[in-house]
Each structure stands twice: as C-alpha cells, then as structure tokens.
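Trainee: Quick check, what structure comes out for this input:
(2 chains)
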Amino acid sequence: MSTPEPQGAPGAAAEELVLQIAGLEKTFNPDRPNAVTAISGLDLAVRPREFVSIIGPSGCGKSTLLRLVGGLIEPTAGELSVNGRSAQEARLARDYGMVFQAAGLLDWRSAIRNVELPLELMGWSKSRRRARAVEMLKLVDLGGFDSHYPSELSGGMQQRVAIARALSFEPALLLMDEPFGALDEMTREHMQAELLKIWRETATTVIFITHSIPEAVFLSTRVAVMSARPARIAAEIPIELPERTPLVRDTEEFFRSVSRVRRTLRSVEAT
Amino acid sequence: MKFLRGGAWLPPTVFGAAALGLWELLLWATDPEGFVLPRPSEIAVALGENISEVQMASRVTGFIILSGLAGGVVLGVVAALIVTRFRTANETLTPLAVAINAIPIIALAPLFNNWLGITSPRSNQAVVVLLVFFPVFINTARGLTEVGDEQVELMQSYAASDWRIMRTVRIPNALPFFFTALRLVASLAVIAAIVVEYFGGRQDTLGNIITQNAQFTRYDVAWAAVVAGSIVGIALYFAALILERLVTGRYVRATAAG
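Mentor: Modelled structure (predicted):
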C-alpha cells in the first residue's frame, strides 16, 4: 500500500484545517511566584486525514498540548481552533476521541459496555450502540471478547478496547497520549500496525504523542518536534515511506527518517 | 455465591463445634464453680428456659441496631457525596467528621440518656448513628474520589456533566469501599447498641439482661443474651455480604476469574 499523502495544499485555507494553532501559550499558576510557562509561541496546523506525531524531550509539555487541544484545560494566550471552533466548543460537540497511556476502562463494565460508554452519553439507542460496539471490537480484533471484563484482558487488549471506544462515535480528531507507552515491544509493534490499519479504514485524523522515534516515524505522515520548556514546535519533518507494513522498519528510507528525527531532536535539546 | 455452598461452611463449622466441645470438656474435667464460666450446655439450657424474654429483648435491641445502622449509613453516604461534589464542603465537613470520630462516642451514652431521655430509644439510636457514620463516610468518600485522572478526563472529553461522572464513574467505583464499611459497621452497631444499654434505660433489652443477670450471678442467662447478640451480629454481617454480592456480583465474579 502506498503512503497516504496529506491532503490539501500546504497553504490551504483555514476551513480545510482540522486543527489550527497559532501563538499558543500556557502558563500554570500565572499570578503566583511558582508560575511555569509550559508552552509559548506554539504554531501547528493539521489537515484532514493526517497522522501527526508530536515528539520532544520528556517533560516538555506534550501532554499539556494534547489537553489544550482537547479542551480539558484553557490556554493562557493564542489561538486554537478545531474545524473552525474553539477547543471547548469542539469538546462539547464531541469532536474528540481520546486515548491515554492508561487504558482507563471502567473495571465494572464488560469490554462491549466500555465501548458503548461514549455512545450512551450521546443518547444512542441501546440496539444501535450495541451494534456499533460489536463492529468496533471486531475492528480492533477483539470480536468474541465482548463480555470479558478489563481484568480478564491483557494490557494490549485493554488498550485496543480503549481505541475502539475512542473511535466508536467517529470523532473528528483522535488524540492519543503515549497510548502504547506501557506495552512491551512485541505488543507495541503489533498495536502500531493495528492502529495504521484502523486509521486507513476510518479516515480519522490523528494527533499522537510519543517519545519513541521509531514509533513516530513508522506511524506518521508528519513528525512535529517540540522544544524544551517553554515548548513550541521547533521542526516539522514529513515522513515518506514506500509502504507502511512491519517490513518497512528494515528499509533504508525508514532508517534515514529515524536518524533525521533523531538529529533534529538532538539539536533542539542542545539549544 | 460460594459462601452459601456447603463446602465453605464446613471448616469453620467443624472448628467452632470442636472449640465448643473442648470448652465443655475442660470445664467438666476441672469442674470450677459455675459462676466463673458456664459450660456451653448450661448456656444452651438457660437460653431455652428464657427464650421468650431473650427473643423480646433481641427484637428491642435489634430495632435500635437496625434503625441506628440505617441512619448512620444514610448520613455517611450523603456526607460523602456532598464532600466529593463540593470542595468547600470537603474542607468544612471532613475535619468535622474527624473531630466527631475522635470523641469516645460510647462514653457519651449516659449524657445522651440525660439529654434525649433515658427510656427513649433515641439516645441509643444516636450513639449507634454516630458510631456508624464515620467508617461509612470515610470509606465511601475515598471510593468516590479515588478514580483515575484519565477516567475523569475521558468523561470530560465526552462533554459529560459532573453529575454524570458521579453516576457513571465515581459511584460504581465507590461500591466496594462502601460495602467494606458496611460489613464493618454491621458488627460495630451491635456492640454499640448493647454497651449503651449497660448504662440503663428500658428493662427489656439484651444489654439489660446481661447486666442484671451478671449482677445476680446468673451467668448462664447473661451468656444466653450474649449468644443472642452474636446471632444478630452474624445475621447482619451476612445480610451486608449478600447485599454486596447482589449489587456487585457480576463484577466480583469477573475479577475472581481474571
């Protein structure tokens, strides 16, 4: 399969962007002596169907950026719009599917009822949400695990339920905060391949936080490198790979992209 | 429900019977004077002879226990919901609850008797309510607040209201905490109710049967009332356990299997 190219010309009009961020700033405890500016002067634009990974030194504010985009916290300054709406409006319009490092499943609900949770909140009828949840569990290769409880599933399976839950209502934007960070290497690579498959099938736009360079390169159409605090996007590297199958990890292009991201990250950390 | 099946009953039943047998045998062999410690068989006979009196008293004391338990549980759960929902309430109510817990509540029984009337059940109920309140409040509040950050953020990302988060995430999360407290206070309430009756009040109570008969060296009758109190306590404990399994049964079974 060929690399899905980012759609829309680089200078596309604002309406064509899923996410547009300009001059974003976030300061915690702004009026106190312990004020911390986590993010300052951050710009980022994401087009529909893109898979953008955000990578940067640990503690640089990657998760803060994701929470700002998700409308869970308010920026101190700057502009942030999701399909032309504010992050708050987009959150209330349920534009986001979120996946965190911890799967965050409700232990007392079976896998299928966890996937149904957002649909329940959106007032879907019981039969409609059950049908969708069955479909979503099949999409993440968990058909037949409907009635299993989280405690009966492995870490990787739990994370797949979390992904199915995030995608169940077809959000405009999938926000993932190191979703595979707690998984072992084998499971992680398997999950990456699954995620790519799902991304192709669902036409979702993904923003993916990670601190693994190979993971970012393998998954993304574009890698955005964040600087140390106060964070901004220091560099954006488009990733061109001949194919997106596990075999691509052994190709010349893959290594070239990985070392390019690594060099950029190193130069960002040095400044 | 495993605890209702025969297998789980057998070891404690055998052990209990053996302990009673040993008790009987030792006292029979050493033959101490009866008032030190009556034999189980003597207690059984005393219980049989005084069954109507003990039954009546169990009903009176049982009512105090049940009503006090219900009051304390309701208060504790409501307080826990309030402090979880409103931060200012948390800052006011929690220190207050801790202060109440620091008071030796059973020691207040004579004062409550003066205050609410010595023959009124209300003074007994008040002590049980106060004693039951704190464990229920602290445990339930903990279950309501000890929820993963990502679960709350996730619900917020679905534009769920605080009340919806309470209903869907916090309350189910608090259920095991609540039931642990319930099993604890079920026994605590029995102790509290009987000890309060030691301080006087109505004649037809388990506490009164114990103090009166102990005073007149009729230890076997006093012990019969203790046995009745134990039966009430065990019944309440199992009622709490059954309620827990009914409410959280599916989830508990799944966890045990995983």
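Trainee: which outside residues touch stretch B:16-32?
Mentor: Judged by C-beta atoms under 8 Å, 6 or more residues apart in numbering or on different chains, the contacts made with stretch B:16-32 from elsewhere in the structure are B:37, B:39, B:40, B:41. Quick note: C-beta positions are derived from backbone N, CA and C, even for glycine.
Trainee: Give me the buried stretch members for stretch A:47-61, please.
Mentor: Buried residues in stretch A:47-61, counted by 16 or more other C-beta atoms under 10 Å in any protein chain shown: A:47-57, A:60-61.
Trainee: what about it, start to end distance?
Mentor: Using C-alpha to C-alpha, to the nearest Å, the end-to-end distance of stretch A:47-61 comes out at 22 Å.
Trainee: What average pLDDT does it get?
Mentor: Average pLDDT, stretch A:47-61: 88.
Trainee: now that stretch, how far from the centre of its chain.
Mentor: Taking the mean of its C-alpha atoms, stretch A:47-61 sits 8 Å from the chain's own mean (C-alpha atoms, centre = their mean, to the nearest Å).
Trainee: Likewise for stretch B:141-156?
Mentor: The gap between the average C-alpha position of stretch B:141-156 and the chain average comes to 29 Å, counting by C-alpha atoms, centre = their mean.
Trainee: What are the contacting residues of it?
Mentor: By C-beta under 8 Å, 6+ apart, stretch B:141-156 touches A:67, A:70, A:72, A:91, A:98, A:100-102, A:104, A:106, A:121, B:79-81, B:83-84, B:94, B:164-166, B:168-171, B:173-178.
Trainee: in that stretch, what's buried?
Mentor: Taking 16+ other C-beta under 10 Å as the neighbour-count basis, stretch B:141-156 is seen to contain the buried residues B:141-144, B:147-148, B:150-156.
Trainee: For the stretch 51-200 of chain B, which residues are neighbours of chain A?
Mentor: Proximity of the stretch 51-200 of chain B to chain A (C-beta under 8 Å from any C-beta of the partner chain) is limited to residues B:148, B:150-151, B:153-160, B:164, B:168-169, B:172-173, B:175.
Trainee: Now go through these and say which are in strands.
Mentor: Cross-referencing those against strands under DSSP state E gives no overlap.
Trainee: Test my guess that residue A:206 contacts residue A:54.
Mentor: No. Residue A:206 sits out of contact with residue A:54 when judged by C-beta atoms under 8 Å, with a separation of 10.8 Å.
Trainee: which residues of the stretch 101-250 of chain B score low on pLDDT?
Mentor: By pLDDT under 70, the low-scoring segments of the stretch 101-250 of chain B are B:250.
Trainee: Over in it, which residue gets nearest chain A? Let me know.
Mentor: The minimum distance from the stretch 101-250 of chain B to chain A, using C-beta to the nearest C-beta, falls at residue B:150 (3.9 Å).
Trainee: And the strands in chain A?
Mentor: If you assign secondary structure with DSSP E, the strands in chain A sit at A:19-28, A:36-46, A:51-55, A:77-82, A:85-86, A:96-99, A:173-177, A:205-209, A:222-226, A:233-238.
Trainee: Within the sheet, what are the partner strands of the shortest one, with directions?
Mentor: Translated: strand A:85-86. When pairing is defined by DSSP bridges, strand A:85-86 lines up against strand A:77-82 (antiparallel).
Trainee: cool, and the first one?
Mentor: Each strand that pairs with strand A:19-28, with its direction, by DSSP bridges: strand A:36-46 (antiparallel), strand A:77-82 (antiparallel).
Trainee: got JSON lines for these, with mean neighbour count too?
Mentor: Written out in JSON lines, the entries for those read as follows (neighbours: other C-beta atoms under 10 Å in any protein chain shown):
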{"stretch": "strand A:36-46", "mean neighbour count": "20"}
{"stretch": "strand A:77-82", "mean neighbour count": "18"}
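Trainee: just so I know, which of the ones you listed lies nearest residue B:200?
Mentor: Ranking the strands paired with strand A:19-28 by distance to residue B:200, with C-beta to C-beta as the measure, places strand A:36-46 first at 63.6 Å.
Trainee: Send me the closest one as PDB with only the CA atoms.
Mentor: Taking Å, rounded to 0.1, in the frame of the first residue of the first chain, the C-alpha atoms of strand A:36-46 are listed here in PDB:
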ATOM      1  CA  VAL A  36       5.500  27.800  35.000                       C
ATOM      2  CA  THR A  37       5.200  28.600  31.300                       C
ATOM      3  CA  ALA A  38       4.800  25.200  29.800                       C
ATOM      4  CA  ILE A  39       4.100  26.300  26.200                       C
ATOM      5  CA  SER A  40       4.900  29.600  24.400                       C
ATOM      6  CA  GLY A  41       4.500  30.700  20.800                       C
ATOM      7  CA  LEU A  42       3.400  27.300  19.500                       C
ATOM      8  CA  ASP A  43       2.100  27.000  16.000                       C
ATOM      9  CA  LEU A  44       0.700  23.900  14.400                       C
ATOM     10  CA  ALA A  45      -1.700  23.100  11.600                       C
ATOM     11  CA  VAL A  46      -3.200  19.700  10.800                       C
END
